[in-house]
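> quick one, structure for this:
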Amino acid sequence: MAERGGSGVVPLRWSGEALWLLDQRRLPRREAWLRYRSSGAVARAITAMVVRGAPAIGITAAFGLVLAAGALRRRGRAAGLAAWRRRAAVLAAARPTAVNLAWAVRRLEARLAGGAWATAAEARRLLEAEALAAWREDFEANLAMGAHGAALLPARGTVLTHCNAGALATGGYGTALGVIRAARAAGKDIRVLADETRPWLQGARLTAWELARDGIPVTLLADGAAGHHFRQGRIQAVVVGADRIAANGDVANKIGTYTVAVLARQHGVPFYVAAPTSTLDPGTASGDAIPIEERPGEEVTACAGRRVAPPGVPAANPAFDVTPAELVTAIVTERGVLRPPYGAAIRRLLGAAGGEKRP
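Now for the predicted structure:
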């Protein structure tokens, strides 16, 4: 990946027997790799935010399903498949908003159902090959997405991003940060403003760490400071990732993205979304139908393990919000740049790919 222009950062490793995840909860203070040998443990890691970012979650789930292949040793093919599918359902439910998770589960289910295998070991090899293919395809998609998106950015300027949509959130290059990487590789003088992204501080802990590690100039902003920088004319473009894009172009992304999109529209700044086609969800008509994960209030009332709110005060903690399609200037995919009206553009893109995205 590094030879192809990837980041020096990857969120996961596969040994053939175990899945290793870089514990993103501990960054930037410590780089700790955790080993997982069961699909249930992988599901818990996804829920606990050891790994996050829609593409990375999908790849992680794919390897979790490889680890679930032990269930296929049960007597009788039907019983083994039923046990494996129960484990797959647990993985699919680990985080409801990121559509790449369900996409990965459907993809490996289809591979298992359509593949020629007689033993659990043969089935495991099929699943492993499919998981590795999904990882490679994500990296290639990110490279293509970066090239398409880089053309949209100015020759010189500052780009605001929200949350982390970089190598840590994907197979090793990035969606939003992949666009920025590609722009800089093309010789453009691009600097980054990164929102801190409360309450998990993915911008402060992850985006800032990842960009600094790769030598890309980055300045951290408190979430509430973005409006000031827009008003001062210091932002030339916004690039964010996505966890799900509805059929009409509404975009679900980390909480706070909608606020940034409103600010961008108010100040005439283009607002770009970079996401692979696996994040497009033609089965969901609009953002109103996207399930929004509600996480524990303690993530808001405490910081770094210390309570910062008065005892007894509850906190609402939606993990995502929905940006209406009319606030999105363009959606960058590996197959090209989509422009409004997004419903027709998404249908054309998926139709050209042979129908709805393959499972």
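
> and the strands in the stretch 1-150 of the chain, which stretches?
The residue ranges that make up the strands of the stretch 1-150 of the chain, judged by DSSP state E, counting those that start in this stretch, are 12-14, 19-22, 33-36.

> centre of the chain to the shortest one, how far?
Just to be clear, that refers to strand 12-14. Using CA atoms, centre = their mean, to the nearest Å, the mean C-alpha position of strand 12-14 is found 16 Å from that of the whole chain.

> and for the last one?
The chain centroid and the centroid of strand 33-36 are separated by 20 Å, computed with CA atoms, centre = their mean.

> helices and strands around that strand, which ones?
Under the contact criterion of 3 or more CB pairs under 8 Å, 6 or more residues apart in numbering; DSSP states H and E, strand 33-36 touches strand 19-22, helix 39-47. (Each C-beta comes from the backbone N, C-alpha and C, glycine too.)

> ok, 7 Å please
The elements that strand 33-36 packs onto, with contact taken as 3 or more CB pairs under 7 Å, 6 or more residues apart in numbering; DSSP states H and E, are strand 19-22.

> show the pLDDT at residue 358.
The pLDDT attached to residue 358 in the predicted structure is 39.

> mean confidence for the top helix by length along the chain?
For the chain, the longest helix by residue count, based on DSSP state H, is helix 120-150. Averaging pLDDT along helix 120-150 gives 94.

> contacts for the helix or strand just after that helix, please.
Proceeding N to C from helix 120-150, the next assigned helix or strand is strand 156-161, under DSSP states H and E. By CB atoms under 7 Å, 6 or more residues apart in numbering, the surrounding residues in contact with strand 156-161 are 153, 176-177, 180, 188-194, 207, 226, 234-240, 260.

> burial count for residue 218?
The burial metric for residue 218, expressed as a neighbour count using other CB atoms under 10 Å, is 20.

> cool, the one 5 residues further on as well?
A count of nearby residues for residue 223, using other CB under 10 Å, gives 18.

> doesn't residue 199 make contact with it?
No: counting by CB atoms under 7 Å, residue 223 sits too far from residue 199 to count as a contact (10.1 Å).

> next, the closest residue to residue 290 other than its chain neighbours: secondary structure please.
The spatial neighbour of residue 290 that comes closest, neighbours along the chain excluded (CB to CB, 6 or more residues apart in numbering), is residue 252 at 4.7 Å. Recorded secondary structure, residue 252: strand (DSSP: H, G, I helix; E, B strand; the rest coil).

> what are the bridge partners for residue 252, then?
residue 244, residue 322 (DSSP bridges).

> contacts only, for it.
Residue 252 touches 97, 242, 243, 244, 287, 290, 320, 322, counting by CB under 7 Å, 6+ apart.

> who wins on neighbours among these?
With neighbours taken as other CB under 10 Å, the top of the contacts of residue 252 is residue 243, carrying 31 neighbours.

> ok, that residue touching residue 322?
No: the pair residue 243 / residue 322 is not scored as a contact, 10.2 Å apart, by CB under 7 Å.

> quickly find the element holding residue 190.
The secondary structure element spanning residue 190 is strand 189-195 (assigned by DSSP H and E).

> show me what that strand is in contact with.
Residues external to strand 189-195 that are found in contact with it (CB under 7 Å, 6+ apart): 153, 155-162, 180, 183-184, 203, 207-208, 211, 216-221, 223, 226, 229, 235, 256.

> what mean pLDDT would you report for that strand?
For strand 189-195, mean pLDDT is 98.

> who does it pair up with?
For strand 189-195, sheet partners with direction are given as strand 156-161 (parallel), strand 218-221 (parallel), following DSSP bridges.

> so what does the next helix or strand after that strand touch, helix or strand wise?
Toward the C-terminal end, the helix or strand that comes next after strand 189-195 (DSSP H and E) is helix 202. Contact here means 3+ CB pairs under 7 Å, 6+ apart; on that basis helix 202 packs against no helix or strand.

> please name every helix or strand in contact with the helix or strand following helix 202.
On the C-terminal side of helix 202, the nearest following helix or strand under DSSP H and E is helix 208-213. With contacts defined as 3+ CB pairs under 7 Å, 6+ apart, the secondary structure elements packing on helix 208-213 are strand 218-221.

> buried set for the strand it packs on?
Neighbour counts using 16 or more other CB atoms under 10 Å place 218, 220, 221 of strand 218-221 among the buried residues.

> can you check stretch 36-53 too?
Going through stretch 36-53 with 16+ other CB under 10 Å, the ones that come out buried are 36, 39, 41, 42, 43, 45, 46, 49, 50, 51, 52, 53.

> I'd like these as CSV, with pLDDT and distance to residue 132 appended.
Listed next are the buried residues of stretch 36-53 as CSV, based on pLDDT from 0 to 100; distance: CB to CB, whole Å:
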residue, pLDDT, distance to residue 132
36, 98, 16
39, 95, 17
41, 97, 20
42, 97, 16
43, 96, 20
45, 97, 19
46, 96, 19
49, 93, 24
50, 97, 21
51, 96, 17
52, 93, 21
53, 89, 19
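
> mind putting these in CSV, distance to residue 171 included?
Formatted as CSV, the entries for those read as follows, by distance: CB to CB, whole Å:
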residue, distance to residue 171
36, 17
39, 20
41, 21
42, 16
43, 20
45, 17
46, 16
49, 18
50, 16
51, 12
52, 14
53, 10
